[in-house]
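*Asks:* Return a 3D structure for these sequence lines:
(chains A and B)
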Amino acid sequence: MKEFLTLFRLDLKSRFGTKGTGKPIFTAIKIAVVVLLIAVVYAAYIFGVRQLIAMFHLYEMSTEFLILFIALSQLILTLFGISSVIKNLFRSGDNELMMRFPVTPGAVFASKIAVFILYQIIFTLVMELPVFIIYGITTAQVWSYYALIPVVLIFSIVLPLSIANLLAIPVMQISARTKNMFTLSLLISVILVAAGFAIYMSIIQGVVDYMKEEAMSFFSKETMGIVSNVAKYIYPSNWFAYMLIGEWRVGASLLSLLVVALFAVGAVILNKKLYLSTILRDIEGAGATFTMVTKNKVRSATWATFRREFLDIFRSSNYSFQYLCMAVAAPVMVYNCNKLAASMGENSIGAIIVPALALMVMLIFCAIILSFAASSVSREGENFYLTKIVPVPYKTQVMIKIALYMTVSTASLLVTAILMFVTKQISAAYSFSAAGIAFLVSIAVTAFAVRLDTTRPQFAVGGDGELTVGNVSTFVVLFVGFAISVVYGLFGMVGIFLWGLTKTFLILAGVSLLLAVAAVLWLMIGLDKRYGRITQR
Amino acid sequence: MSEIEKQTGNTENLEHLLVIHHLKKKYLNAKRYSINDLTLELKAGEIFGFLGQNGAGKSTTIKCITGIHPYDEGEIIICGHDMKKDPIGAKKNIGYVPDNHSVYEKLTGREYVNYIADLYGVSLEDREERMNRYLKMFKISFAVDRQIKGYSHGMKQKICIIAALIHNPRLWVLDEPMVGLDPQSMFDIIDEMKAHTAAGNTVFFSSHNIDLVSKLCDRVAIIHDGELKRLINLHEEGTRETLEQVFRSLTMAENKA
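*Replies:* Next up, the predicted model:
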C-alpha cells in the first residue's frame, strides 16, 4: 500500500506538478479561455441531450433513448479507455525507470491504473450523471431510479475500463510486431480509415435513402419500430437501462453484475499474467530497429532537409497516421459527403449546396492535416540544436517544412478535385476552384501554425523521439481551421442562393488570398530573429 | 586562393580561427549573466581546453559559439566571419559534437551522415573518403546501415563525431566528448584531435577531466561563474603538472567566497 501511494503521488506530481514559465496574466487568460470553451461546449451538450430526451419522451421512446445513450457513452468510454490504457500503462515513458526501483509490478500497475480510473470516473460523471438526472425528471421517475444511478455509474466505469484493459494487450502485441513495417502500417491505417469513413457514410446514406423512399421522418411508426427492435438487443446497455427504470429489474441487475464482474475478473487475470511481460517486451522493442543498406549520395541542402523531414514523419506510426493517412482519407470523405448531399434530390437544397459542402469538408481535412505544422519546431525535440548549427538559413529551413506540409495537402486536394469532377459530382471548373480556395486557406493555416510554433515551441519528446504531450498550438490551429471551415461552408451555402456559385467562390477566393498573404507576412516578418531566440537549456 | 581560404571563405590571414570578445550572455528571466565579459582567441593549429565546474558556463559558451544560443553583448568571430552578421559563413567552418549526442534517430547512420554532408555541401568523393576513414577508425562500419535508434551511447557519440568532421571543419568544437566512451574510442578521438590540428585546424573542447586536458591541450582556459579566471599556456614549464592545483585553487577559493 505504501509503495502504491508513493508511486501514485509521484505520477500525479509528474502530470500536474509543474508550474508554467509564462507570465501569470497570460496563464490566467489561457485558463479563463479554456474554462469558457469547456463551459460553452458542455452547455451545448446538456442542452442538446435535454432536447433529445424531450423528443424521445414525446414519441414514447424514452427507454430506447436511455439504452442508446448508455451504449454510445460506453463505446466512447471504451475507445477513450484503450488509448488511455496504452498511453498510461504501457507507453508512459517511465516504465524503464520504474522497473529499476525496488517496487513490485503490481504496485506500478496499481499506481498507473489509479490515475486512469480517476480520469474514467470524471469522464463518466460528466457525461452520464446530468443526463440520468435530466432523464429522471423529464420521464418522472420514482426514488428507486435515483437510488440506482450510482450503481449504473459504477458499472459504467468498471465495464469500459475492463474491456479497454482486455483489448490493450493484444493491441500492444500487434503494434510490437508491426513496429518497423512503415509502408504496411500506413497502408493498413489508410485502408481502415477510408473503409471506416465509407461504412459510416453508407450507413447514413442508407438511412437517408430509406427515409426518402418510405417518405418518413425519424419518429415515424416504422423508424420507431426499427429503433425499438435494435435497442432490445444492445447488451448490456439495455440491462443497465432496465435496471434503472425498473423494467425486469432483478434479472437485469443480476445480468449486469455478472457481465461487469466477468470482464473485470478477466482484465485482472490477463494483466496479472501479461502486464509485466508486455511492458518488458515494449521496453526491449523500443530498441528494435531496421537495417537498410544505401549508397552515399549527394543532394542539395534543400532536398536533403525535405527528405529528412519526410522520413521523420514516415518512420513514425503516430505522425504518419496524423499526417499522411488523413491526407489519403480526405478524398474518400469529401466524395461520400457530396454523394449524400446530392442524394437528397436533384433540385433540392442538398444538391445545390454540394460545392459549398465539398469546400467545407476539404477545409476540415486540411485543418486536420495541417495542424501537424503547429509542431514543426517542437517535434525537433533534442535535435533542435542541429537546426541552429547547420549553415542553412532559418527561413530556408522553415520554408522547406512548409513546402512538405503543402505538398501532401495539395496532392490530397487535387485528388479530391479530380474525384469530384470524374464522378460528375461537381463540374471541373468548380471542383478545381474549390481546391484552389482550399489551397489558399491551407497556406494561411500552415503559416499560422508554424508562426505559433516558432513563438512558443514545446520540446517535450519521449524516448522514441516523438511528442509526449499535446501541443497547445495544435489545438489552436485545429480550432481556427474548423472555425474557418464552418464559416466558409455556411457562407458558401447561403451565397449560392444569394449571388450564385461563381460570385460566391470569387469572394471566398479573394478572402482566402488575403488570409494567405496576411499569414505568410505574419510568419516571415522577424522569423530569423524569433527562431534565433528559441533555445533549449 | 589557397585550399584553406577556399574552405573558410575568407582571404584574410587567419592567425586566429576563433575570436571571442567581451562576450556576455544572460538567460531569459535569469538574474545574473551566465557568461560575463569572456574574451578568448584561439590560434590555428592548437588544441584548446575549456575547464570549469558544473554550471560554470562552459556549455553556454559553446552554444553561443556554435550559434545555438543568441548572446547579449560582445562578438564571436569564426574564421573571419562574425556569428551575428554572417552566421552562415561562420557555421560552415564549425564541426560540433554536443554533450547529449542527440541525432535524428529514425535515420540510419549513413543517412544521417549523408544528410549533414549535404547541408555542408560536401562532394561525394570527400564524403566517401572521410566516412570510410572514420567508420574504420571508430569501428562502427558494421552499424552504419542500421537505424540510429538502436545504437549504444558510445555509438551515437561516434556517429555525432563523424557527422561533425564530415566537412573537415576548421574549428572543431566538442562539449564533454569523452563521456561514456570506451578507452580505445577515447584514444582514437585524441589521435583525430591531434591530426586535425596538425592540418592547421583548431580544436576547442570542454571537459571535467583535468588529467586529459593537461596532457592533450596546448592552452587551457579556466572559467568560473561565467568569468574567465585564468588562461594557461601548457607549453610553459611546470604548467601541466600544476594544472589541477591551479584549477582547485581558483574554483575552491571562489566557492568559499
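*Asks:* element containing B:Gln178?
*Replies:* No Gln there; residue B:178 is Met. B:Met178 belongs to no helix or strand when assigned by DSSP states H and E.
*Asks:* Got phi/psi on it?
*Replies:* phi -90, psi 0 (degrees, to the nearest 10).
*Asks:* quick one: A:Asp527 and A:Lys395 touch, right?
*Replies:* In this structure residue A:527 is Leu, not Asp. Yes. If you go by C-beta atoms under 8 Å, A:Leu527 and A:Lys395 touch, sitting 5.6 Å apart. All C-beta atoms are positioned from the backbone trio N, CA, C, and that covers glycine.
*Asks:* more neighbours, those two?
*Replies:* Using other C-beta atoms under 10 Å in any protein chain shown, the more surrounded residue of A:Leu527 and A:Lys395 is A:Leu527, with 18 against 13.
*Asks:* Just give the number of residues close to the closest residue to chain B within the stretch 301-450 of chain A.
*Replies:* Closest approach of the stretch 301-450 of chain A to chain B (C-beta to the nearest C-beta) occurs at A:Ala304, with a separation of 3.5 Å. A:Ala304 has 21 neighbours, counted by other C-beta under 10 Å.
*Asks:* For chain B, which segments are assigned as strands?
*Replies:* Secondary structure of chain B (DSSP state E): strands located at B:16-25, B:35-43, B:47-51, B:73-78, B:81-82, B:94-97, B:171-175, B:202-207, B:219-224, B:227-233.
*Asks:* In a markdown table, list those strands along with distance to chain A and mean neighbour count.
*Replies:* Putting the strands of chain B into a markdown table (distance: least, C-beta to the nearest C-beta, whole Å; neighbours: other C-beta atoms under 10 Å in any protein chain shown) gives the following:
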| stretch | distance to chain A | mean neighbour count |
| --- | --- | --- |
| strand B:16-25 | 10 | 20 |
| strand B:35-43 | 14 | 19 |
| strand B:47-51 | 17 | 25 |
| strand B:73-78 | 11 | 20 |
| strand B:81-82 | 10 | 18 |
| strand B:94-97 | 5 | 25 |
| strand B:171-175 | 9 | 25 |
| strand B:202-207 | 14 | 25 |
| strand B:219-224 | 17 | 23 |
| strand B:227-233 | 20 | 17 |
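*Asks:* JSON lines please, covering those strands and showing distance to A:Ala32 and mean pLDDT.
*Replies:* Listed next are those as JSON lines, based on distance: least, C-beta to C-beta, whole Å; pLDDT from 0 to 100:
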{"stretch": "strand B:16-25", "distance to A:Ala32": "36", "mean pLDDT": "91"}
{"stretch": "strand B:35-43", "distance to A:Ala32": "39", "mean pLDDT": "92"}
{"stretch": "strand B:47-51", "distance to A:Ala32": "48", "mean pLDDT": "93"}
{"stretch": "strand B:73-78", "distance to A:Ala32": "39", "mean pLDDT": "93"}
{"stretch": "strand B:81-82", "distance to A:Ala32": "45", "mean pLDDT": "92"}
{"stretch": "strand B:94-97", "distance to A:Ala32": "43", "mean pLDDT": "94"}
{"stretch": "strand B:171-175", "distance to A:Ala32": "43", "mean pLDDT": "94"}
{"stretch": "strand B:202-207", "distance to A:Ala32": "45", "mean pLDDT": "93"}
{"stretch": "strand B:219-224", "distance to A:Ala32": "45", "mean pLDDT": "92"}
{"stretch": "strand B:227-233", "distance to A:Ala32": "44", "mean pLDDT": "90"}
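*Asks:* For those, give me JSON lines that also has distance to A:Ser83.
*Replies:* Listed next are the strands of chain B as JSON lines, based on distance: least, C-beta to C-beta, whole Å:
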{"stretch": "strand B:16-25", "distance to A:Ser83": "43"}
{"stretch": "strand B:35-43", "distance to A:Ser83": "46"}
{"stretch": "strand B:47-51", "distance to A:Ser83": "47"}
{"stretch": "strand B:73-78", "distance to A:Ser83": "48"}
{"stretch": "strand B:81-82", "distance to A:Ser83": "50"}
{"stretch": "strand B:94-97", "distance to A:Ser83": "39"}
{"stretch": "strand B:171-175", "distance to A:Ser83": "39"}
{"stretch": "strand B:202-207", "distance to A:Ser83": "43"}
{"stretch": "strand B:219-224", "distance to A:Ser83": "49"}
{"stretch": "strand B:227-233", "distance to A:Ser83": "52"}
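*Asks:* wait, which of those strands is closest to A:Ile402?
*Replies:* Taking C-beta to C-beta, strand B:94-97 is the member of the strands of chain B nearest to A:Ile402, at 26.4 Å.
*Asks:* circling back: any idea which of the strands of chain B gets closest to A:Thr291?
*Replies:* Judged by C-beta to C-beta, the one of these that comes nearest to A:Thr291 is strand B:94-97, at 25.1 Å.
*Asks:* can I see the domain layout of the chain?
*Replies:* In the absence of a named chain, this looks at chain A. A:2-186+A:219-286, A:309-533 (automatic domain parsing).
*Asks:* my bad, chain B
*Replies:* Split by automatic domain parsing, chain B gives B:3-93+B:169-256, B:95-168.
*Asks:* Lowest average pLDDT across those?
*Replies:* With a mean of 87, domain B:3-93+B:169-256 has the lowest mean pLDDT of the domains of chain B.
*Asks:* So for B:Asn114, what's the nearest residue that isn't a sequence neighbour?
*Replies:* Closest residue to B:Asn114 apart from its sequence neighbours, by C-beta to C-beta, 6 or more residues apart in numbering or on different chains: A:Asn296 at 5.7 Å.
*Asks:* quick revisit: could you dump the domains of chain A into TSV with mean pLDDT added?
*Replies:* Formatted as TSV, those follow (pLDDT from 0 to 100):
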stretch	mean pLDDT
domain A:2-186+A:219-286	78
domain A:309-533	85
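*Asks:* Any chance of TSV for those, columns distance to B:Arg219?
*Replies:* Listed next are these as TSV, based on distance: least, C-beta to C-beta, whole Å:
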stretch	distance to B:Arg219
domain A:2-186+A:219-286	39
domain A:309-533	24
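*Asks:* between those, which one is nearest to A:Ala195?
*Replies:* A:Ala195 lies closest to domain A:309-533 among these, at 8.8 Å (C-beta to C-beta).
*Asks:* Can you give me the neighbour number for A:Leu440?
*Replies:* Neighbour tally, A:Leu440, other C-beta under 10 Å: 19.
*Asks:* How about the contacts made by it?
*Replies:* Residues counted as contacts of A:Leu440 (C-beta atoms under 8 Å, 6 or more residues apart in numbering or on different chains) are A:Ala509, A:Ser512, A:Leu513, A:Leu515, A:Ala516.
*Asks:* Derive a PyMOL selection command for the buried subset of those.
*Replies:* The buried subset of those, as determined by 16 or more other C-beta atoms under 10 Å in any protein chain shown, is captured in PyMOL by this line:
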select buried, chain A and resi 509+512+513+515+516
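*Asks:* Mark which of the contacts of A:Leu440 are part of strands, please.
*Replies:* For those, not one is inside strands, with DSSP E as the criterion.
*Asks:* Just give me the closest of the contacts of A:Leu440 to A:Phe123.
*Replies:* Within those, the smallest distance to A:Phe123 is 36.3 Å, found for A:Leu515 (C-beta to C-beta).
*Asks:* tell me the contacts of the residue lying closest to B:Leu231 once chain neighbours are set aside?
*Replies:* The spatially closest residue to B:Leu231, leaving aside those adjacent along the chain, is B:Ala221, at 5.2 Å (C-beta to C-beta, 6+ apart). Listed by C-beta under 8 Å, 6+ apart, the contact set of B:Ala221 reads B:Leu40, B:Phe48, B:Gly49, B:Phe50, B:Leu51, B:Leu228, B:Arg230, B:Leu231, B:Ile232.
*Asks:* Alright, calling it a day.
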